[in-house]
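Undergrad: Got a predicted structure plus its sequence, pasted below:
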Amino acid sequence: MIDYGQDTLFGKKVISTIGYNEQEMIRDILFLHANGKQIDCDPTYSIGNFYKNGLPKPKHKFDKFPQLPDVIEATADNLPLENESCEVIMFDPPFIMGASAVEGASQYGGITGTRFTAFKDWKELKEMYAGALKEFARVTKENGIVIFKCQDCNSSAKQHFTHCWVMYEAIQQGFYPKDMFILFAKNRINDGREQQHARKYHCYYWVFEKRNSRVDYSSVSSFCGEGKK
């Protein structure tokens, strides 16, 4: 167990749903929902930015394109792990989509080499997310948690409320949406394009627990089923 420092001079810290500090937010999630356990699997580790300020690094580090010698090559939908072998999974998948996004990504190694850095469309994003959640349901222990970072996005002048779809898909895969946190960004780069929707200065951290949902969302289950087509 790890002491995530929730005591203050004025007593117990009040954990809020919102914040600007990513590492602090992850520590709050682990304290509140993981009983002090650390993250033991990160399927999209990249260069480990989550763990640069003292957050313990996970035992299992994976990435489709590993950038560090101790990161194993694997995709989030096909992890080299035994069934029910993880207690806490941290998942930070890409969220940008659209033809221009894929073309922009190609300068870093071609469209194939950056497929999950920028998705070509909403369908491709959903396929990747759904495949990952299905795999997490396999490798997560009963009552284990998945911390799923996601962000809503616009593509082809259409608004995609990704965080809603992610919740319903997670329910279909056997998870209970236990909590949600919102991380604010102080700044966003202005790309100069004419606005058609409000600029997004936030992303979401879902906390999914592997157990039957304690709330009945069956009336919206068809929305989730759309992602499996």
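TA: Thanks, I have the structure now. Numbers count the residues shown, from 1 in each chain.
Undergrad: what's the longest helix in this structure?
TA: In the chain, with assignment by DSSP state H, the single longest helix is helix 122-139.
Undergrad: Low-confidence stretches in this structure?
TA: 1-6, 8-11, 98-116, 155-157, 188-196, 220-229 (pLDDT under 70).
Undergrad: Which of the helices or strands spans residue 146?
TA: Assigned by DSSP states H and E, residue 146 belongs to strand 140-150.
Undergrad: Pull out the buried residues from that strand.
TA: Buried residues in strand 140-150, counted by 16 or more other Cβ atoms under 10 Å: 140, 144-150. Where C-beta positions appear, they are placed from N, C-alpha and C, glycine not excepted.
Undergrad: That one pairs with which strands?
TA: strand 86-91 (parallel), strand 202-210 (antiparallel) (DSSP bridges).
Undergrad: Please enumerate residues in contact with the longest one?
TA: Just to be clear, that refers to strand 202-210. Residues from elsewhere that reach strand 202-210, judged by Cβ atoms under 8 Å, 6 or more residues apart in numbering: 25-26, 29, 33, 95, 137, 140-151, 163, 166-167, 170, 174-185.
Undergrad: Now find how far off-centre it is within its chain.
TA: Its chain's C-alpha centre and that of strand 202-210 lie 7 Å apart, by Cα atoms, centre = their mean, to the nearest Å.
Undergrad: now the angle between helix 122-139 and that strand, please.
TA: 40 degrees (axes from the mean of the first three to the mean of the last three Cα atoms, to 10 degrees).
Undergrad: List the buried residues of strand 202-210.
TA: 203-210.
Undergrad: Columns distance to residue 86 on top of the residues you listed, output as CSV?
TA: Putting the buried residues of strand 202-210 into CSV (distance: Cβ to Cβ, whole Å) gives the following:
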residue, distance to residue 86
203, 23
204, 21
205, 18
206, 16
207, 15
208, 13
209, 13
210, 10
